[in-house]
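Colleague: just need the structure, nothing else, for what follows:
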Amino acid sequence: MSDEKYYVTYNTIHNAVKRLSEKVLESGFDPDLIVAIGSGGFIPARIMKTFINRPIFAVGISYYGVDNRHLESPQKIQWIDEVEQKLTGKKILLIDEVDDTRATLSYCVKELLRHEPEEIAVLVIHNKKKKKDAEFPPEIKRYFPAKEIDDRWIKYPWDAEDIEDHDQCEKSMKEHNA
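Modeller: Residues are numbered from 1 along each chain as shown. Next up is the predicted model:
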C-alpha cells in the first residue's frame, strides 16, 4: 500500500453515489431494499436513499479488533436478525465505502445469501486495484464501483476531526495530480 493518502470530501461522495444510482437503475436492477455495511457504508447508503428511495437495513461487520488489529476473519457486530424474513425473494443493494480485501463484502454476501434473496448487487465508492483475499460467489452478477484506485489509504470525511482541513487536503491532492 502506498503511503500517500487519498482524500475524499462529502461532495465527492455525494456526486459519486448520484452517478452510481443512475448506473444501478440503467442496468435494470431495481432494488427492494438497501443493506448498509457499517460503519463506512452508512453515509453512502443514506445518500443512495435520496436517489433510490428504498428502506435501509444496517449490518455491522468488523475486520478489525478494538486495538485496530486485523482479525483472522470478519465478524458480525450487528445483524438484521429481526427482519431476516424480509430478505427472502428480495433484490438487495449491498453498500460499503471501499472494496479493499473483499473479505468483509464477501462475508456479508454469503450471510445474506442464506436468506434466499432474488438477487444481490454490490456497490462501493472505491475499489482498490489489488489482489483480493476473497471472491464473490457466482450469484453476484452486478458490481458497481464508483472509482477504481491504487492501494492507498483513503481518508473519508466521516473520519475527519477537522473537516475544513480535510476538504483542503482533497483540493490540494487534486491540484497536485492535475
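
Colleague: can you name the element that comes right after the helix or strand of the chain with the lowest mean pLDDT?
Modeller: Least confident helix or strand, the chain: strand 70-78 with a mean of 56, by mean pLDDT, DSSP states H and E. Remark: after strand 70-78, the chain's next helix or strand is strand 91-99, criterion DSSP states H and E.

Colleague: run me through the strand neighbours of that next one, direction for each.
Modeller: Sheet pairing here is set by DSSP bridges, and for strand 91-99 it gives strand 33-38 (parallel), strand 119-128 (parallel).

Colleague: quick check: what element follows the last one along the chain?
Modeller: Spelled out, that is strand 119-128. With DSSP H and E, the next secondary element past strand 119-128 is strand 142-149.

Colleague: against H176, how distant is the residue nearest to the spatial centre of the chain?
Modeller: Central residue of the chain (Cα atoms, centre = their mean): D96, 1.3 Å from the mean position. Applying Cβ to Cβ, to the nearest Å, the value for D96 to H176 is 28 Å. C-beta: built from backbone N, CA, C; applies to glycine.

Colleague: average pLDDT across stretch 170-178?
Modeller: Computed over stretch 170-178, the mean pLDDT rounds to 90.

Colleague: buried residues, stretch 95-114. List them.
Modeller: The neighbour-count check on stretch 95-114 (16 or more other Cβ atoms under 10 Å) flags 95-109, 111-112 as buried.

Colleague: no wait, stretch 20-29
Modeller: Per 16+ other Cβ under 10 Å, stretch 20-29 contains these buried residues: 20-21, 24, 29.

Colleague: ok, these vs Y10, which is closest?
Modeller: Nearest to Y10 out of these is L20 (Cβ to Cβ; 15.3 Å).

Colleague: for that closest one, give me its contacts.
Modeller: By Cβ atoms under 8 Å, 6 or more residues apart in numbering, the contact list for L20 reads 48, 123, 144, 146.

Colleague: tell me if it really is in a helix.
Modeller: Yes - the assignment for L20 (DSSP: H, G, I helix; E, B strand; the rest coil) places it in a helix.

Colleague: how far away is it from T9?
Modeller: With Cβ to Cβ as the criterion, L20 and T9 are 16 Å apart.

Colleague: what do you get for A45?
Modeller: Applying Cβ to Cβ to A45 and T9 gives a distance of 18 Å.
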